[in-house]
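Participant: predicted coordinates and the sequence they were generated for:
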Amino acid sequence: MMKRWLAGLALAAALVLIGVPVLAHGGGEEENLPAPLLARQALAYLQQADTYDVYRVRAKEKVEDALNAKDSGGIRYEPLEQAIVALRERRLDDARALIRSALPAPVDHEQVPFYDVPLEPRFGGTASEWALVVAGLVAVVAGGWIASEDRARSHVLGEVTRDV
């Protein structure tokens, strides 16, 4: 019973350690994304805004993030400001048109990818990332150990009950 309790405690500690870097970071990287990408994300949210109002609110937040982005990426700010007003007034078609008009024209589709997402590896080898890898491995090993202990106990108990 004590081993099972310790294994559960170790698993809970591993799960808490996995969540700590996410909470410490703030959860998002919106401030590092270029404004055109944030505007495209707003357009993606607006695809579902006719059905669910929460997507209209998320689209408005993305447009506000695009206005505050460090990397303007050639976006026009005036249509974005008008799009926020249109979103507040629930004029979704006008908001879509304004956001599209704010986007810079791509130079060449072969040179500039549609989403402008940099293809860089996400694993940077920082201490928190290695801690996540180790915590994941510990969780897998602990789960395997618990499963083997349960299987061994049920086998032993099965033999004891057959003999009696």
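Facilitator: Sure, I can see it.
Participant: what residue spans form the domains of the protein?
Facilitator: 2-27+126-163, 35-102 (automatic domain parsing).
Participant: name the nearest residue to residue 74, ignoring sequence neighbours.
Facilitator: residue 104 (3.6 Å; CB to CB, 6 or more residues apart in numbering). Using the backbone N, CA and C atoms, a C-beta is placed for each residue, glycine as well.
Participant: wait, what's in contact with the one you found?
Facilitator: 36, 73-76 (CB atoms under 8 Å, 6 or more residues apart in numbering).
Participant: list only buried entries from those.
Facilitator: When those are checked for burial by 16 or more other CB atoms under 10 Å, the buried set is 36, 73, 75.
Participant: give me the lowest-pLDDT entry from those residues.
Facilitator: Looking at the buried ones among the contacts of residue 104 by pLDDT, the weakest one is residue 73, with 84.
Participant: can you classify that one by secondary structure?
Facilitator: Here residue 73 takes the coil state, with states given by DSSP: H, G, I helix; E, B strand; the rest coil.
Participant: pretty sure it contacts residue 33?
Facilitator: No - if you go by CB atoms under 8 Å, residue 73 and residue 33 don't touch, sitting 9.3 Å apart.
Participant: nearest to residue 52 among the buried ones among the contacts of residue 104?
Facilitator: residue 36 (24.7 Å; CB to CB).
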